[in-house]
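Student: Okay, predicted coordinates and the sequence, questions at the end:
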Amino acid sequence: MAKLVLTTFLTLDGVMQAPGGPDEDREDGFAHGGWLFPFADEEFGALMNEVIGRAGAFLLGRRTYDIFAGYWPKVTDPDNPVANPLNSLPKYVASTTLRDPAWHNTTVLTGAAPGGVAAEVSALKDRLGDTEIQIHGSGALARALMPHGVIDEYHLVTAPVRLGTGHRLFPDAGPPTAFRLAGTRTTPSGVTAHTYHPTGPASFGTF
């Protein structure tokens, strides 16, 4: 079975919206796009190249897919460590409205099957076998999958900045979940990358 890994950029207060540029995603009046840019040092770039290099396929929400599809197909350098995997590997996009996607090697998951998109993703994991399927960004999709336990690994890349507003990865409601820290890394600019594996329901006690 394939491993499903979520990689996302976060602020200290959990915002994941529009890390890459001011106009990336202004939904709900978000005015702080591009907050990750000041922290993107050389080691940060090397970290992301390593992450992308492990991918066997990509699973994206519609908004993230549109952002990626509007940029990466234009990067045609065959040695680019990000563009080459994104342009060549299978891409699966969760959408009920996308028809005839133009980006090479894209398959649309409509969520129409019994059990919705989580069931489709679970079947996809079975079908693809021993590989790593990567979700990047795609907050709405991630939040839809979380309660069903189909995400095997969370790779949370956190920048040392607080925004106060913006879409967050983890919803206010949802099943309390415990995680095991599986790895950590810090860049010179202060970005921390933590890898977590969900271990089941959270437990509680008294001191």
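Tutor: Noted; the coordinates are in hand. Numbers count the residues shown, from 1 in each chain.
Student: Tell me the secondary structure of P38, please.
Tutor: helix (DSSP: H, G, I helix; E, B strand; the rest coil).
Student: tell me the contacts of it?
Tutor: 161, 189 (CB atoms under 8 Å, 6 or more residues apart in numbering). C-beta coordinates here come from the backbone N, C-alpha and C atoms, glycine included.
Student: okay, the spatially most central residue of the chain: pLDDT?
Tutor: Residue closest to the mean C-alpha point of the chain, counted by CA atoms, centre = their mean, is H136 at 2.3 Å. Listed pLDDT for H136 reads 97.
Student: For it, give the beta-bridge partners.
Tutor: Per DSSP bridges, residues listed as beta-bridge partners of H136: T7.
Student: Same check on A94?
Tutor: Counting by DSSP bridges, the residues bridging with A94 are G61, L109.
Student: Could you count how many residues lie near it?
Tutor: When neighbours are counted by other CB atoms under 10 Å, A94 registers 26.
Student: Any stretches of the protein with poor pLDDT?
Tutor: Across the chain, not a single residue meets the criterion (pLDDT under 70).
Student: ok, which stretches of it are strands?
Tutor: Using DSSP state E, the strands of the chain run over 3-10, 57-61, 91-94, 106-109, 132-136, 153-158, 177-186, 192-201.
Student: Just name the most buried of those.
Tutor: strand 57-61 (a mean of 24; mean count of other CB atoms under 10 Å).
Student: Before I go, just wanted to say thanks for your time.
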